[in-house]
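K.L.:
quick check, what structure comes out for this input:
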Amino acid sequence: MKIIKKINCWLKNKKRFLLALGLILAMPLFSGCAGQSQSYGVTLEVWGIADDSSVYNDIISKYKDLNPYVTDIKYRKFSQDTYKQELMDALAAGQGPDIFLVNSTWLPSFENKLEPAPAALINQQDMSTNFPDVVSADFVDIGKTYAVPLSVDSLQLYYNKDLFNAAGLTAPPKTWQEFSSDVQLLTKVDSVGNIIRSGAALGTSQNVSRYEDILSLLMLQNGLQLPAKKGDAAVIDQGVVDQSGNVVQVGERALEYYTQFAKISILSNVANPVYCWNNRQPLSLEAFANNNVAMMLNYSWQGNNIKNKNPKLNFAVAPVPQTDANKPLTIANYWGYAVAKSKPSAANPPQGSNASPVTDAVRTHEAWQFLKFLTLKNSGTVTLYNAITKNSKAFSINFDPAVDYLKKTSQPAARRDLIELQKRDADLGVFASGNLIAKSWYQADPDSTLKIFADGIDSIGQGSTSLHQALVLMKNRLDVLMQSKK
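P.N.:
Numbers count the residues shown, from 1 in each chain. Model prediction:
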């Protein structure tokens, strides 16, 4: 009988212990002051392009296991053709996502719609340590971070290996002078001037993919000063003193170099030596995939498009030609994840009777906390913060979201440590290395800038203006655009 009583007593004590343990475990993870409501539940909505939701499933699952305050993260994929307009409409109506992709040229026109990262989560030092310099140039303003990328892409040279072999060319061009020489060997024109095969897709705006980036590249490589920040002017129509003390009109040189590939001499009615392209040609990507053009400049994601169009095409990618081998640079164009400034509170009602309201401050904190987990190097430990109490807890983790993402998407890396690993990759190495020397410039309105560049190129092609007149007009229009966005 005594033994039974002892067993019953032990069972009662065990129940009390387990109940107490359960209460402790049920307390909010990052505990705060007694009596302070610190429980909340946030559902985050992410908008993007290109990637399917399956790319993020493992990342989201791992994160939800760590963070009890994020109840769900939902991803929606949009068509790139309609994405920007749908996003702007949704944000204007207060029905936009919590997190969404922005292009690297969009910050000037989207900054008033974005909530910067809390400095305790992502600061300027984090950006410069984790990413190439171009990322800070594009996504950091006055010390505040507005977006973070998983991938960065840089403009590089696609070339047709079979056409190079047939022309006796053993390697792709490293300089623009070599590029021009190769174009002459690769281009085939019939007796009446029709282009049978083009050495390069260059010279026009209507049918050359990324013409604005190519012209920007030539301008920057020639030492022109395109706007770097709000309020800057475009210095593209003035001369530059070279090492010999001579004044060189480098703006005219850059514009002339680009447009010469589509120019026929009016006086002699004979094509110039590098004439290889005109507005009658198909889109540059189609021409390259169909074996009708030997070289084009483009980004990494076009590689898969080319393979899908022509699986048998024998092509490779090389670093973009340089003007000065001692100061190599290329152009970057990529996407980063940003956080919306505001969203109706009804989208995130309190979870449970003791839960706190999900304010914009809580929502943006959790959105940026997820983006830190997603993009920055974790070194085996992830520290999470309670948005209300600001208390934190560190978790050990054997998972890198950025590595998982890049394995599934085969994109060039944004993080410096992953760029180092990708340098040796046969397909991505040239783009990853290019990210380290990639540049950009401050575009107050990318769509308007596109039109300004197209008009400048077209005016030269039509013979309606001189190089100097075209540059002056482009500069004036860019300056007006910059002033209007102050």
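K.L.:
alpha carbons only for contacts and neighbour counts from here, please
P.N.:
Fine.
K.L.:
tell me the domain boundaries of this protein?
P.N.:
37-153+334-409, 156-330+444-484 (automatic domain parsing).
K.L.:
avg pLDDT for the longest one?
P.N.:
It stands for domain 156-330+444-484. For domain 156-330+444-484, mean pLDDT rounds to 92.
K.L.:
model confidence for the spatially most central residue of the chain, exactly?
P.N.:
Taking CA atoms, centre = their mean, the centroid of the chain lies closest to Tyr334, which sits 1.5 Å from it. Note on Tyr334: pLDDT of 98.
K.L.:
who's in contact with it?
P.N.:
Neighbour list for Tyr334: Asn103, Ser104, Pro149, Ser151, Val152, Asp153 [criterion: CA atoms under 8 Å, 6 or more residues apart in numbering].
K.L.:
by neighbour count, which of those residues wins?
P.N.:
Val152 (28 neighbours; other CA atoms under 10 Å).
K.L.:
that one contacts Ala332, doesn't it?
P.N.:
Yes: applying CA atoms under 8 Å, one finds Val152 in contact with Ala332, separated by 7.1 Å.
K.L.:
identify the contacts common to those two.
P.N.:
Asn435.
K.L.:
other SSEs contacting the helix or strand containing Val382?
P.N.:
If you go by DSSP states H and E, Val382 is part of strand 381-385. Counting contacts by 3 or more CA pairs under 8 Å, 6 or more residues apart in numbering; DSSP states H and E, strand 381-385 is packed against helix 360-375, strand 392-396.
K.L.:
if we can go back for a sec, mind putting the contacts of Tyr334 into a markdown table with distance to Ala289?
P.N.:
Below are the contacts of Tyr334 laid out as a markdown table (distance: CA to CA, whole Å):
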| residue | distance to Ala289 |
| --- | --- |
| Asn103 | 26 |
| Ser104 | 27 |
| Pro149 | 29 |
| Ser151 | 25 |
| Val152 | 24 |
| Asp153 | 21 |
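K.L.:
out of those, which sit inside strands?
P.N.:
By the criterion of DSSP state E, membership of these in strands covers Asn103.
K.L.:
tell me the one of the contacts of Tyr334 nearest Val42?
P.N.:
Top of the list for closeness to Val42, among the contacts of Tyr334 and by CA to CA, is Pro149 at 22.6 Å.
K.L.:
Leu371 is in contact with the closest one, correct?
P.N.:
No: with contact defined as CA under 8 Å, Pro149 does not count as touching Leu371 (9.2 Å).
K.L.:
what sits in contact with each of these two?
P.N.:
Joint contacts of Pro149 and Leu371 (CA under 8 Å, 6+ apart) are Tyr337.
K.L.:
ok, which of the helices and strands packed on strand 381-385 comes nearest Gly461?
P.N.:
Of the helices and strands packed on strand 381-385, the one closest to Gly461 (CA to CA) turns out to be helix 360-375, at 43.8 Å.
K.L.:
tell me which residues are up against the closest one.
P.N.:
With contacts defined as CA under 8 Å, 6+ apart, helix 360-375 is touched by 42, 44, 59, 63, 70, 98-99, 115, 117-118, 121-122, 148-150, 337, 339-343, 345, 382, 384-385, 387-388, 400-402, 415.
K.L.:
any of these buried? List them.
P.N.:
Buried by 16 or more other CA atoms under 10 Å: 42, 44, 59, 63, 70, 98-99, 115, 117, 121-122, 148-150, 337, 339-343, 382, 384-385, 387-388, 400-402, 415, out of those.
K.L.:
what about the residues you listed, which are in strands?
P.N.:
Those of the buried ones among the contacts of helix 360-375 lying in strands (DSSP E): Val42, Leu44, Val70, Ile99, Tyr337, Val339, Val382, Leu384, Tyr385.
K.L.:
what's the burial count for Thr82?
P.N.:
Neighbours of Thr82 (other CA under 10 Å): 9.
K.L.:
ditto for the one 10 residues further on
P.N.:
Counted with other CA under 10 Å, the neighbours of Ala92 add up to 11.
K.L.:
for Gln483, same thing?
P.N.:
There are 14 residues near Gln483, going by other CA under 10 Å.
K.L.:
so it sits against Ala233, correct?
P.N.:
No: with contact defined as CA under 8 Å, Gln483 does not count as touching Ala233 (9.0 Å).
K.L.:
just the helices and strands packed on strand 381-385: most buried one?
P.N.:
Mean neighbour count (mean count of other CA atoms under 10 Å) peaks for helix 360-375 among these, with a mean of 22.
K.L.:
just the C-alpha atoms of that helix, please, in CSV.
P.N.:
The C-alpha coordinates for helix 360-375 follow below in CSV (Å, rounded to 0.1, in the frame of the first residue of the first chain):
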residue,chain,number,x,y,z
ASP,A,360,3.5,48.3,-39.8
ALA,A,361,6.5,48.5,-37.5
VAL,A,362,6.1,44.8,-36.6
ARG,A,363,5.4,43.8,-40.2
THR,A,364,8.4,45.6,-41.7
HIS,A,365,10.6,44.3,-38.9
GLU,A,366,9.7,40.7,-39.7
ALA,A,367,9.9,41.3,-43.4
TRP,A,368,13.5,42.6,-43.1
GLN,A,369,14.4,39.9,-40.6
PHE,A,370,13.4,37.3,-43.2
LEU,A,371,15.4,39.1,-45.9
LYS,A,372,18.5,39.1,-43.7
PHE,A,373,18.1,35.4,-43.2
LEU,A,374,17.6,35.0,-47.0
THR,A,375,20.5,37.0,-48.4
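K.L.:
now Lys161: how far from Ala147?
P.N.:
38 Å (CA to CA, to the nearest Å).
K.L.:
need the pLDDT of the nearest residue to Tyr69 once chain neighbours are set aside.
P.N.:
In this structure, Tyr69 finds its nearest non-sequential neighbour in Gly41, 4.8 Å apart by CA to CA, 6 or more residues apart in numbering. pLDDT for Gly41: 92.
K.L.:
wait, what's in contact with Lys62?
P.N.:
Lys62 neighbours (CA under 8 Å, 6+ apart): none.
K.L.:
can you tell me the element the closest residue to Thr170 other than its chain neighbours falls in?
P.N.:
Setting aside the residues directly before and after it, Thr170 is nearest to Phe164 in space (CA to CA, 6+ apart), at 7.0 Å. Taking DSSP H and E as the criterion, Phe164 maps to helix 161-166.
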